[in-house]
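Novice: Would you be able to build a 3D model of this:
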Amino acid sequence: MDEQQLKLNNQICFPIYSVSRLITIAYKSFWEEMGLTYPKYLVLLILWENDKLSINQIV
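Specialist: Down below sits the predicted model:
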């Protein structure tokens, strides 16, 4: 890999991470109203989509 490819402006992971953070911030007040954190919200989505899962199956 050459030096040009390693520069921050050429890394796709940074803009993806930034967008992910913005989405999380946008949803945060929604989750807080329900007394949830992001991980708890994800678990609820998994349970909603899949009946009869045990904790071990989620992790």
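Novice: Tabulate the CA atom coordinates of the longest helix anywhere in the chain in CSV.
Specialist: Looking across the chain with DSSP state H, the single longest helix is helix 13-33. Taking Å, rounded to 0.1, in the frame of the first residue of the first chain, the C-alpha atoms of helix 13-33 are listed here in CSV:
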residue,chain,number,x,y,z
CYS,A,13,-13.7,4.1,7.3
PHE,A,14,-13.6,7.6,8.6
PRO,A,15,-16.6,9.0,6.8
ILE,A,16,-18.6,5.8,7.6
TYR,A,17,-17.7,6.1,11.3
SER,A,18,-18.7,9.8,11.2
VAL,A,19,-22.1,9.1,9.7
SER,A,20,-22.7,6.3,12.1
ARG,A,21,-22.0,8.7,15.0
LEU,A,22,-24.4,11.3,13.6
ILE,A,23,-27.2,8.7,13.3
THR,A,24,-26.6,7.5,16.8
ILE,A,25,-26.8,11.1,18.1
ALA,A,26,-30.0,11.6,16.1
TYR,A,27,-31.7,8.6,17.7
LYS,A,28,-30.3,9.1,21.2
SER,A,29,-33.3,11.3,22.4
PHE,A,30,-35.7,8.7,21.0
TRP,A,31,-34.0,5.9,23.0
GLU,A,32,-33.8,8.0,26.2
GLU,A,33,-37.5,8.7,26.1
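Novice: so what does that helix touch, helix or strand wise?
Specialist: helix 38-49 (3 or more Cβ pairs under 8 Å, 6 or more residues apart in numbering; DSSP states H and E). From N, CA and C alone the C-beta is placed, and that goes for glycine too.
Novice: packing partners for the helix it packs on?
Specialist: By 3+ Cβ pairs under 8 Å, 6+ apart, helix 38-49 packs against helix 13-33, helix 55-58.
Novice: Lowest average pLDDT across these?
Specialist: Ranked on mean pLDDT, the bottom entry among the helices and strands packed on helix 38-49 is helix 55-58, at a mean of 81.
Novice: quick one, which of the helices and strands packed on helix 38-49 is packed in tightest?
Specialist: helix 13-33 (a mean of 10; mean count of other Cβ atoms under 10 Å).
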